[in-house]
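Engineer: structure, please.
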Amino acid sequence: MDALQRSRTLGIMAHIDAGKTTTTERILYYTGKTHKLGEVHEGTAVMDWMPQEQERGITITAAATTCFWKDYRINIIDTPGHVDFTIEVERSLRVLDGAIALFCAVGGVEPQSETVWRQADKFHIPRLIFINKMDRVGADFASVVKDIRERLGARPVPIVLPIGSEESFEGVIDLIVMCECLWDGESVIQREIRPELFVQAQQAREVLIAAAAESSEVLLDQYLGGGPCEVATIESALREACLKQQLTPVLCGASFRNKGVQLLLDAVIKYLPSPMDRPSVVGEYADGRQVAIEPGNSEGPVAALAFKIMHDSFVGTLTFLRIMRGTLRVGDQVMNAGKAKKERIGRLVEMHANRREDVQVAHAGDIVAALGLRFTVTGDTLASIDDVLFLEKIDFPEPVISVALEPKTKADTEKVVAALEKLALEDPSLRVRTDAETGQMLLSGMGELHLEIILDRMKREFKVDANVGRPQVSYKESVRAAAMAESSFSRLVAGKMQSAACKVRIEPVARGAGNTIVFSVQFQNSVLQKAFERGVREALLGGALAGYEVTDTRVTVLAVTIHDIESTEAACMIAASNACRDAFREAHPVLLEPIMDCEILCPEAYMGGVIGDVTSRRGKVVRMQTKLGNQAITAEVPLAALFGYSTALRSLSQGRASYSMQFLRHDLVPDPVMREILCKMGIE
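Structural biologist: Residues are numbered from 1 along each chain as shown. Here you go, the predicted model:
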């Protein structure tokens, strides 16, 4: 069989604390990649190699490794589960062929589970489901399967059934082979199904075959014919249905107790796609022509996507690449398509968490890291110099929280700037800017934990410390009404008159639509048209209300006055920018704030106090449901009201409630609150 068909590139994704890293550690152990089991709670997990990960017991950065199972090569990316690091999941999914979605047998579908599931839907990633922690008190396999079906709109089909649960969890029934699988240390023992479970297993197998038969005429004929359905036929039909994302096979186990991982590995090679099974990737040339890049084609011109940057204090910058087409060799010269810059491949390595193994060549379907690339950042395409094309770029979310940074000494200023530049290069969801009015350096990210980790890394990795201000919400600005304004610019610059005039209208559009610039005038000179557009975009970078970025507006350029000689690009930009700012001031400007989708899990006895507290924080309760003996409250709450919320929630519930949140949208700040915010900023 072709080497590519024996290759699997997959990610492990889930809500925080569902057991992703523990499962990955078991996979590495059973495939012989490691010879000692690493534990998250002991800080010895191979894939959680950063000190910040080991101390907190969570995954922060997506770590890649390669292992082998039954002559199949498996490339694994262990992704974070915390919402603050969702960008790590997004960019990993962009280059994966398949995924394992982990769910806790007690927690079921949790908020971040929904987020990563939607991200996998976006990239059309075939998945397996592994319900972990079947040995925990409150584990309920059937309830989690139902939860996945109802909340995710998925079609989960169990291919195993658990034997017992909680303390009595022994093993599983394999519904395809129809046998019990029990674990004795590292070995799997197969035996006949005990009589009291046989009927239940037979019924579950009927459901499995009926679902798989929809994708296979051969299995359908066997099923309807009343004869026995062959194991190979069932597996082939399941694979086809999984690749088409018509259903998702479900397995279960307890990774920490070393139960279920071998069957999961078998399912990976049976049901998840090889690079050859994935649809073509679309590449685009500079002139707009599109080309389909066939998966696994190692013969054509090289095309690779840079999906992650990592700084290593010993070897410098590592650029993670997924080779989409062609073959990449050490010493090759390639073109960075977006920047039109040539890059030389000085060294290629295969990553095993933070350890490196040199390779001389990488083929289509491989994930490798290149050392020494000077211009390439996340989302860039590296292509053959003779065939320069662009692969689809990666979208990055807008940051929702900021802190002010101040170097402790003047000598530290350059060190802080250099450290932040390297960290921002690694993490595109991190933004660094200098406030034009205060001169403060502002660091923006996806949440309090995100910024805390970045500041900790500055201190440990770059040996630089800074004074940090209180976290601030990253507001945006918009308008409530339509308004028009015109502005002219005329000035003598270096002995030459520069002049232009512009009239614009600004109006609100739907929330989340972003900004649109429309021209209702015809231009003979496209260079000057682009200058007017740049002027409008520059004005929208900082609103006239409080200097925050403007969004959700339509700006129409109604009229311009230009002269053949005097209307320079600079004059057009300034005229358009001034007109846009004047119109914005007249259009009833408003602040928009980040609204978070919160899920609070608390015992019923404390529900009244928790709901009252949410309401007092300007929150809106969306739904309530009973979940695993607790009340699950879903609410939409402004981020500004959630600083320190975990402490308040513990006080309200005697430490028995927990919550998680993720960014939902930007929405209007109520007028009284807006006046209060502006007053604190010294703006009347």
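Engineer: residues touching stretch 90-98, excluding its own?
Structural biologist: Contacts to stretch 90-98, defined as C-beta atoms under 8 Å, 6 or more residues apart in numbering, come from residues 8-11, 13, 62, 77, 79, 99, 119-120, 122-123, 125-128, 268, 272-275, 277-278, 305, 307-308, 322, 367, 378-379, 394-397, 428. Heads up, the C-betas are built off the backbone N, CA and C, glycines and all.
Engineer: buried ones among the residues you listed?
Structural biologist: The neighbour-count criterion (16 or more other C-beta atoms under 10 Å) marks 8-11, 13, 62, 77, 79, 99, 119-120, 125-128, 268, 272-275, 277-278, 305, 307-308, 322, 367, 378-379, 394, 396, 428 among those as buried.
Engineer: re the thing from before, just the ones of the contacts of stretch 90-98 in strands?
Structural biologist: 8-11, 13, 77, 99, 127-128, 305, 307-308, 322, 367 (DSSP state E).
Engineer: which among the residues you listed gets closest to Asp597?
Structural biologist: Set against Asp597, the nearest of those by C-beta to C-beta is Met13 (18.3 Å).
Engineer: which residue packs closest to that closest one, ignoring adjacent ones?
Structural biologist: Val116 (4.3 Å; C-beta to C-beta, 6 or more residues apart in numbering).
Engineer: confirm that the one you found sits in a strand.
Structural biologist: No: counting by DSSP: H, G, I helix; E, B strand; the rest coil, Val116 is not found in a strand; it is helix.
Engineer: that one touches Ile16, doesn't it?
Structural biologist: No: using C-beta atoms under 8 Å, Val116 makes no contact with Ile16, being 10.8 Å away.
Engineer: comparing these two, which residue is more hemmed in?
Structural biologist: Val116 (26 against 21; other C-beta atoms under 10 Å).
Engineer: shouldn't Gln112 be within a strand?
Structural biologist: No: under three-state DSSP, Gln112 sits outside any strand and is assigned helix.
Engineer: pull the number of nearby residues for it.
Structural biologist: 25.
Engineer: was I right to think it contacts Asp17?
Structural biologist: No: look at Gln112 against Asp17 with C-beta under 8 Å: they stay out of range, at 9.9 Å.
Engineer: residue boundaries of the helices in the stretch 551-684 of the chain?
Structural biologist: 569-586, 607-616, 645-653, 671-680 (DSSP state H, counting those that start in this stretch).
Engineer: hmm, I typed the wrong one, I wanted the stretch 51-200 of the chain.
Structural biologist: Using DSSP H, counting those that start in this stretch, helices in the stretch 51-200 of the chain cover 51-56, 86-93, 111-122, 141-152, 195-213.
Engineer: quick one: buried residues of the next helix or strand after the last one?
Structural biologist: Proceeding C-terminally, helix 195-213 gives way to helix 217-225 as the next helix or strand, assigned by DSSP states H and E. The neighbour-count criterion (16+ other C-beta under 10 Å) identifies Leu219, Leu220, Gln222, Tyr223 as the buried residues of helix 217-225.
Engineer: now do stretch 322-339
Structural biologist: So stretch 322-339, judged by 16+ other C-beta under 10 Å, has buried residues 322-328, 330, 332, 334-338.
Engineer: now it: average pLDDT?
Structural biologist: For stretch 322-339, the mean per-residue pLDDT is 88.
Engineer: straight-line length of it, end to end?
Structural biologist: Separation of the first and last residues of stretch 322-339 by C-alpha to C-alpha, to the nearest Å is 19 Å.
Engineer: pLDDT weak spots in the stretch 201-350 of the chain?
Structural biologist: Applying pLDDT under 70 to the stretch 201-350 of the chain picks out residues 313.
Engineer: please enumerate the helices of it.
Structural biologist: 217-225, 231-243, 261-271.
Engineer: report all helices and strands that the longest one contacts.
Structural biologist: Helices and strands touching helix 231-243, as assessed by 3 or more C-beta pairs under 8 Å, 6 or more residues apart in numbering; DSSP states H and E, comprise helix 195-213, helix 217-225, strand 248-252, helix 261-271.
Engineer: tell me what angle it forms with helix 195-213.
Structural biologist: Relative orientation of helix 231-243 versus helix 195-213 (axes from the mean of the first three to the mean of the last three C-alpha atoms, to 10 degrees): 60 degrees.
Engineer: thinking again about what came up before, need the helices of the stretch 551-684 of the chain in CSV with mean pLDDT, can you?
Structural biologist: CSV is the format used below for the helices of the stretch 551-684 of the chain (pLDDT from 0 to 100):
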stretch, mean pLDDT
helix 569-586, 93
helix 607-616, 92
helix 645-653, 83
helix 671-680, 88
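Engineer: what stretches of the protein score poorly on pLDDT?
Structural biologist: In the chain, residues with pLDDT under 70: 1, 34-63, 78-88, 313, 352-355, 435-439, 627-629, 684.
Engineer: need the residue closest to the centroid of it.
Structural biologist: Nearest to the geometric centre of the chain sits Glu90, at 2.6 Å (C-alpha atoms, centre = their mean).
Engineer: can you tell me how far that residue sits from Ile129?
Structural biologist: 20 Å (C-beta to C-beta, to the nearest Å).
Engineer: correct me if wrong, but Ile16 is in a strand.
Structural biologist: No: assessed with three-state DSSP, Ile16 is coil; it does not lie in a strand.
Engineer: that one touches Gln112, doesn't it?
Structural biologist: Yes: counting by C-beta under 8 Å, Gln112 is a contact partner of Ile16 at 6.3 Å.
Engineer: quick check: phi and psi on Ile125?
Structural biologist: phi -90, psi 120 (degrees, to the nearest 10).
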